[in-house]
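Asker: generate a structure from the sequence data that follows.
(2 chains)
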Amino acid sequence: MPLLEIRNLVVRYGEIEALRGVTIAVEAGQVVTLLGANGAGKSTTLRAISGLAKPTSGEILFDGQSIAGLGPEAIVRLGISHVPEGRRVFPGLTVKENIMLGASNRKASSAQISREADAMFDLFPDIRAFADALGWTLSGGQLQMVAVARGLMAKPRLLLLDEPSLGLAPVIVQAVFRIISQIRKDTTVLLVEQNARMGLSVADHGFVLETGRIVLGGKPDELWGNEAVAAAYLGGHAKASA
Amino acid sequence: MDLVLQLLFTGIGIGAVYALVALGFVLIFRATNVVNFAQGEFSMVAAYLMVVFAVDLGWPYWLSFLIALGGMALLGVIFNLGVYYPLRHRTFLPVIIATIGASILLSNSVLAIYGPQPQVLQGWFDTPGIQLGPVYLDSQYLLIIAVTIALVFFNYWFFEKTLLGKKLQATSQDKEMASLLGISVSTMIMITFIYSAVLGGLAGILVAPVLFVSIQMGSTIALKAFAATIIGGFGDVAGAIIGGLALGVIETFGAAYISVPYKDGFAFLVLVAFLIFRPQGIFGERVAEKA
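Answerer: Below is the predicted model:
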């Protein structure tokens, strides 16, 4: 049984149908990458999984249990941690405080959480020096590190990462992806990327979303070089498919 | 010089009351992005609760005080569930109108029970005050200042040193992200309303012996406190406290040296001056927090 299974997921924002029947499966221990152009529905898929977007129809099963319709607070307690687009680091809190709040989904003493946050800096040595700096003072790459560290503090069984490379310099993107390949040892990851090359480099499996539908799925080497992937990578599709 | 010290003491005392109510404004604003126009009525209701228990029923002052604060915590819960919660997904306008409606409901309910004539509440201490050199320290003003100082420290400790305080801050900065981390946003907002209602109530109970207990006392205090939050820098906790104290001192000096009838006018004159020359207030608006 896959850790996460989505069947015929439809999400509407008012009149707009953002997802029109998405079906994907994520096996435990895998890194699965969801590729697609802007507006294809990648972020909406993650938002539906984490409870931020209410599914109109379809099923979302986590470990066999239906989670469609649950609120985000309940879903993160089940072990799904969502690092959303734009990092969303709390600007008025310090780096360490941000990371500590990542453990809000589970019961632990604040001393225990503080120790765990300190240990998190071993995985993210670049932000250790900024532990006491306020969120708004950080650069984009540092914010991404904080956001991922905070997401991991939930001790998730499934980590949802939304465009971790967005707006970052190539060197920083590589650092972020090095971290993803370290995370995968303990955590299943569902990664959303526009950067197909980086996204597939760490993946066991990939899916391509196009205007709210999965148009392709397979192993990275099967997807690589495929016309649809190239289209997603370039951010458009010549053929009128919508 | 003696007069100056005396006025400074009185001004800080009355300013401390504005500061407490202003703090309530700011905390609710930060948590919900809405100005609670019933914040002043919290002070009024608490003062009347004191009249009910300490005066009408003749219960011990400290017991009445605890009951009144407990009552305010309960009012905070009811206010959150009845006024804010049903409208939380709407824009700020319906919520603001609902808080105005709640303030009218509260003052008219009290009016229906107690009538328009003001009530008198004794101070906490039997001793009216102490003479310290040239300055006479009124015991009630001393109490107000002491409680305000204690609350400023408590507030700092609570928001800066506890995990719950950090969760409250996180909720006020980004509710959606807070919920993604498993922070119960509705619980955090509930705590904010309870805390703000108790703060407002405390201000009302403390100031009641200095003023009369009347239906209008809430709106008078709230207007000054609101001006204080703008002078201090809207949404800023330190600004609310400094702004409140400054306003108390300014109006006390204005009354003594310029004109007593225009006492209330000075506060608003300062407010207008700030709105023209420094609309972001003393501490400015930390733009980065809005990002």
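
Asker: and the strands in chain A, which stretches?
Answerer: A:4-13, A:16-26, A:31-36, A:57-62, A:65-66, A:80-83, A:158-162, A:188-193, A:205-210, A:213-218 (DSSP state E).

Asker: return the residues in contact with the residue of chain A found nearest chain B.
Answerer: Using C-beta to the nearest C-beta, residue A:105 is the residue of chain A that sits closest to chain B, at 3.0 Å. Where you see a C-beta, it was placed from the backbone N, CA and C, and this is true even at glycine. Residues in contact with residue A:105 (C-beta atoms under 8 Å, 6 or more residues apart in numbering or on different chains) are A:73, A:76, A:77, A:81, A:154, B:181, B:182.

Asker: check the gap between it and residue B:180 for me.
Answerer: Applying C-beta to C-beta, to the nearest Å, the value for residue A:105 to residue B:180 is 9 Å.

Asker: show me the common contact partners of these two, please.
Answerer: Residues touching both residue A:105 and residue B:180 (C-beta under 8 Å, 6+ apart) are A:76, A:81.

Asker: quick one, phi/psi of the spatially closest residue to the residue of chain A closest to chain B that is not a sequence neighbour?
Answerer: Nearest residue to residue A:105 in three dimensions, chain neighbours excluded: residue B:182, at 3.0 Å (C-beta to C-beta, 6 or more residues apart in numbering or on different chains). The phi/psi pair for residue B:182 (degrees, to the nearest 10) reads phi 100, psi 10.

Asker: I'd say residue B:182 and residue A:156 touch.
Answerer: No: look at residue B:182 against residue A:156 with C-beta atoms under 8 Å: they stay out of range, at 10.7 Å.

Asker: so what sits against both of the two?
Answerer: With C-beta under 8 Å, 6+ apart as the test, residue B:182 and residue A:156 both reach residue A:76.

Asker: leaving out sequence neighbours, find the closest residue to the residue of the stretch 1-150 of chain B found nearest chain A.
Answerer: Per C-beta to the nearest C-beta, residue B:30 is where the stretch 1-150 of chain B lies closest to chain A, at 9.6 Å. Nearest residue to residue B:30, sequence neighbours excluded (C-beta to C-beta, 6+ apart): residue B:172, at 4.0 Å.

Asker: what sits up against the helix or strand hosting that neighbour?
Answerer: Applying DSSP states H and E as the criterion places residue B:172 in helix B:163-173. Contact with helix B:163-173 is made by A:90-93, A:97, A:100-101, A:104, A:110, A:113, B:30-31, B:158-159, B:177-178, B:181, B:183, B:185, B:188-189, B:191-192, B:289, as judged by C-beta under 8 Å, 6+ apart.

Asker: which of the residues you listed are buried, as a PyMOL select command?
Answerer: Applying 16 or more other C-beta atoms under 10 Å in any protein chain shown to the contacts of helix B:163-173, the buried members can be selected in PyMOL as follows:
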select buried, (chain A and resi 90+91+92+93+97+100+101+104+113) or (chain B and resi 30+31+159+177+178+181+183+185+188+189+191+192+289)
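
Asker: dump the residue contacts of the residue of the stretch 51-200 of chain B found nearest chain A.
Answerer: The minimum distance from the stretch 51-200 of chain B to chain A, using C-beta to the nearest C-beta, falls at residue B:182 (3.0 Å). Neighbouring residues of residue B:182 by C-beta under 8 Å, 6+ apart: A:73, A:76, A:77, A:104, A:105, A:106, A:154.

Asker: where does it land on pLDDT?
Answerer: With respect to pLDDT, residue B:182 has a value of 96.

Asker: doesn't residue B:209 fall inside a strand?
Answerer: No: using DSSP: H, G, I helix; E, B strand; the rest coil, the secondary structure at residue B:209 is coil, not a strand.

Asker: lowest confidence element among the helices and strands of the chain?
Answerer: Unless you meant another one, I'm taking chain A. Lowest on mean pLDDT, DSSP states H and E among the helices and strands of chain A sits helix A:227-234, with a mean of 65.

Asker: actually, chain B is the one I wanted.
Answerer: For chain B, judged by mean pLDDT, DSSP H and E, that is strand B:129-132, with a mean of 84.

Asker: how about whichever strand or helix holds residue B:75 as PDB, C-alpha atoms only?
Answerer: Residue B:75 belongs to helix B:61-79 when assigned by DSSP H and E. C-alpha atoms of helix B:61-79 as PDB (Å, rounded to 0.1, in the frame of the first residue of the first chain):
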ATOM      1  CA  TYR B  61     -12.600  43.600  47.700                       C
ATOM      2  CA  TRP B  62     -10.000  41.000  46.700                       C
ATOM      3  CA  LEU B  63     -12.700  38.400  46.200                       C
ATOM      4  CA  SER B  64     -14.800  40.700  44.100                       C
ATOM      5  CA  PHE B  65     -11.600  41.600  42.200                       C
ATOM      6  CA  LEU B  66     -10.900  37.900  41.300                       C
ATOM      7  CA  ILE B  67     -14.500  37.300  40.400                       C
ATOM      8  CA  ALA B  68     -14.600  40.400  38.200                       C
ATOM      9  CA  LEU B  69     -11.400  39.300  36.400                       C
ATOM     10  CA  GLY B  70     -12.900  35.800  36.000                       C
ATOM     11  CA  GLY B  71     -16.000  37.400  34.600                       C
ATOM     12  CA  MET B  72     -13.900  39.300  32.100                       C
ATOM     13  CA  ALA B  73     -12.100  36.100  31.000                       C
ATOM     14  CA  LEU B  74     -15.600  34.600  30.400                       C
ATOM     15  CA  LEU B  75     -16.600  37.800  28.500                       C
ATOM     16  CA  GLY B  76     -13.500  37.400  26.300                       C
ATOM     17  CA  VAL B  77     -14.600  33.800  25.500                       C
ATOM     18  CA  ILE B  78     -18.200  34.900  24.700                       C
ATOM     19  CA  PHE B  79     -17.000  37.900  22.700                       C
END
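
Asker: can you list the buried residues in that helix?
Answerer: Of the residues in helix B:61-79, those buried (16+ other C-beta under 10 Å) are B:64, B:65, B:67, B:68, B:69, B:71, B:72, B:75, B:76, B:79.

Asker: what average pLDDT does the host helix or strand of residue B:220 get?
Answerer: If you go by DSSP H and E, residue B:220 is part of helix B:217-232. The average pLDDT within helix B:217-232 is 91.

Asker: just the CA atoms of that helix, as CSV, please.
Answerer: C-alpha atoms of helix B:217-232 as CSV (Å, rounded to 0.1, in the frame of the first residue of the first chain):
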residue,chain,number,x,y,z
MET,B,217,-16.2,55.6,31.1
GLY,B,218,-15.4,52.9,28.6
SER,B,219,-15.7,55.0,25.5
THR,B,220,-13.7,57.9,27.0
ILE,B,221,-10.8,55.6,28.0
ALA,B,222,-10.9,53.7,24.7
LEU,B,223,-10.7,56.9,22.7
LYS,B,224,-7.6,58.0,24.6
ALA,B,225,-6.1,54.5,24.4
PHE,B,226,-6.8,54.3,20.7
ALA,B,227,-5.0,57.7,20.3
ALA,B,228,-2.2,56.2,22.3
THR,B,229,-1.8,53.3,20.0
ILE,B,230,-1.5,55.6,17.0
ILE,B,231,0.9,57.9,18.8
GLY,B,232,3.0,54.9,19.8
